[in-house]
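Q: Attaching a predicted model along with its sequence, questions to come.
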Amino acid sequence: MAEPEATTTTPPTMAKLPWHVRLSIFLLSALSNTSRRSNGTVNRRIFNLLDRKVPPNTKPVDGVSSSDVTMDPTRDLWFRLFTPSAASSAASLPLVVFFHGGGFSFMSPSSIQFDTVCRQFCRSFHAVVVSVNYRLAPEHCYPTQYEDGFDALKFIDQNGDVLPRSADVRKCFLAGDSAGGNLAHHVAVRVARERLQSIKIIGLISLQPFFGGEERTGSEIRLKRVPFISVDISDWHWKVFLPTGSNRDHDAVNVSGPNAEDISGLDYPNTLVIVGGFDPLRDWQVRYYEWLRKSGKEAQLIDYPNMFHGFYIFPDLLDASQLISHVKEFMNKQISNAK
């Protein structure tokens, strides 16, 4: 696969972005940068000032209703459930379990960006979507997030009545963006090892997953002034997430590296990996895709050469619309093959 041109500037499309998209990128970047402290803590008060939260809507809005379901109040484990308006008359809808991004340290399903993404997924894929709230670093470090993600699946598996009757748990997809893509991978591995009673995962949708390692890759070195992510930002998030004394070749981070887990014998789901040409994490994401293939797993890579990390949270971008089409095509293929 061809590499994007070496650059230390912003993507060429940035100047053409709508003003509200550029403003959102600036505000989100400034907010997260200000909230991260050098001592490895987060100023939640500052971050919460602009992390706009939206409530669920039990009455359909643009064809989607939503509600919040508590799984374990002692650890603030809950999910937001999105249901298409036509679900009551549908015989069988796929289930998408989504894990949000934010470097394991920020955001939630009620953050407006991820509420919007999941509403769009629900409407566009005609699927029931579960968006999981997991505990955040640095207050809660590895492996808390993976445990919360797996426990959310286990809760749904054992309490199917929390979903609408139209939800078909035998047509379940895991999905995640950035840190959520990392989380989805590790949850998929655990499900393959331990299995669930009713849920059958038939696909994994990995949107610019957050992976890394001790090595500095070409995309990390050359992409210096791009939205949301950089080497310094990644390093901070890994430091506050990993166990004390660990480095970035820990298997939570470098899933295809020297400490990689052998998944060749596991029933790991067919995977769609989305990458962007102006994402510093691109090389790690491509390695993940190649590692899946070498492990004997079916994987597809789609590259958006002019896109930056997290571009899909802006639904009015052309590439974000194309992503919806690509994901829908992937899902339909997996559902057809599962019959």
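A: Happy to help now that I have it.

Q: Please enumerate the strands of this structure.
A: 64-72, 77-84, 93-99, 128-133, 167-177, 201-207, 271-278, 299-308 (DSSP state E).

Q: Any idea which of the ones you listed gets closest to residue 334?
A: Of all the strands of the chain, it is strand 201-207 that lies closest to residue 334, at 4.0 Å by CB to CB. (Each C-beta comes from the backbone N, C-alpha and C, glycine too.)

Q: Just list what the closest one packs against, helices and strands only.
A: With contacts taken as 3 or more CB pairs under 8 Å, 6 or more residues apart in numbering; DSSP states H and E, strand 201-207 sits against strand 167-177, helix 179-194, strand 271-278, helix 318-338.

Q: Just give the strands next to that strand in its sheet, each with its orientation.
A: strand 167-177 (parallel), strand 271-278 (parallel) (DSSP bridges).

Q: Those strands into TSV, with extra columns for mean pLDDT?
A: Formatted as TSV, the strands paired with strand 201-207 follow (pLDDT from 0 to 100):
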stretch	mean pLDDT
strand 167-177	97
strand 271-278	97
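
Q: Mind putting these into a markdown table with mean neighbour count and distance to residue 316?
A: A markdown table is the format used below for the strands paired with strand 201-207 (neighbours: other CB atoms under 10 Å; distance: least, CB to CB, whole Å):
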| stretch | mean neighbour count | distance to residue 316 |
| --- | --- | --- |
| strand 167-177 | 24 | 17 |
| strand 271-278 | 25 | 17 |
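
Q: okay, those strands in JSON lines with distance to residue 56 next?
A: Below are the strands paired with strand 201-207 laid out as JSON lines (distance: least, CB to CB, whole Å):
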{"stretch": "strand 167-177", "distance to residue 56": "17"}
{"stretch": "strand 271-278", "distance to residue 56": "27"}
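
Q: Of the ones you listed, give the one that comes closest to residue 260.
A: Closest among the strands paired with strand 201-207, once you apply CB to CB, is strand 271-278, at 15.3 Å.

Q: coming back round to it: closest to residue 46 out of the strands of the chain?
A: strand 128-133 (20.6 Å).

Q: what sits up against the closest one?
A: Defining contact as CB atoms under 8 Å, 6 or more residues apart in numbering, one finds that strand 128-133 is touched by 76-84, 87, 93-100, 108-110, 114-115, 118, 121-122, 148-149, 152, 156, 163-164, 166-167.

Q: Show the model's pLDDT score for residue 88.
A: Among the per-residue scores, residue 88 holds a pLDDT of 59.

Q: I figured residue 18 hits residue 316, correct?
A: Yes - look at residue 18 against residue 316 with CB atoms under 8 Å: they come within range, at 6.7 Å.

Q: quick one: low-confidence ranges for the stretch 1-150 of the chain?
A: Along the stretch 1-150 of the chain, segments meeting pLDDT under 70 span 1-15, 87-90.

Q: hey, what's the closest residue to residue 274 other than its chain neighbours bridged with?
A: Computed as CB to CB, 6 or more residues apart in numbering, the closest residue to residue 274 that is not its neighbour in sequence is residue 207, at 4.8 Å. Note on residue 207: beta-bridge partners by DSSP bridges are residue 177, residue 274.

Q: related to what we said a few turns ago, out of the strands of the chain, which is the most enclosed?
A: Mean neighbours per residue, mean count of other CB atoms under 10 Å, is largest over those for strand 128-133, with a mean of 27.

Q: Figure out which of the strands paired with strand 201-207 is closest to residue 212.
A: Shortest distance between residue 212 and the strands paired with strand 201-207, using CB to CB, is found for strand 271-278: 14.3 Å.

Q: Compute the inter-axis angle for the closest one and strand 299-308.
A: Using axes from the mean of the first three to the mean of the last three CA atoms, to 10 degrees, one finds that strand 271-278 and strand 299-308 are set 20 degrees apart in direction.
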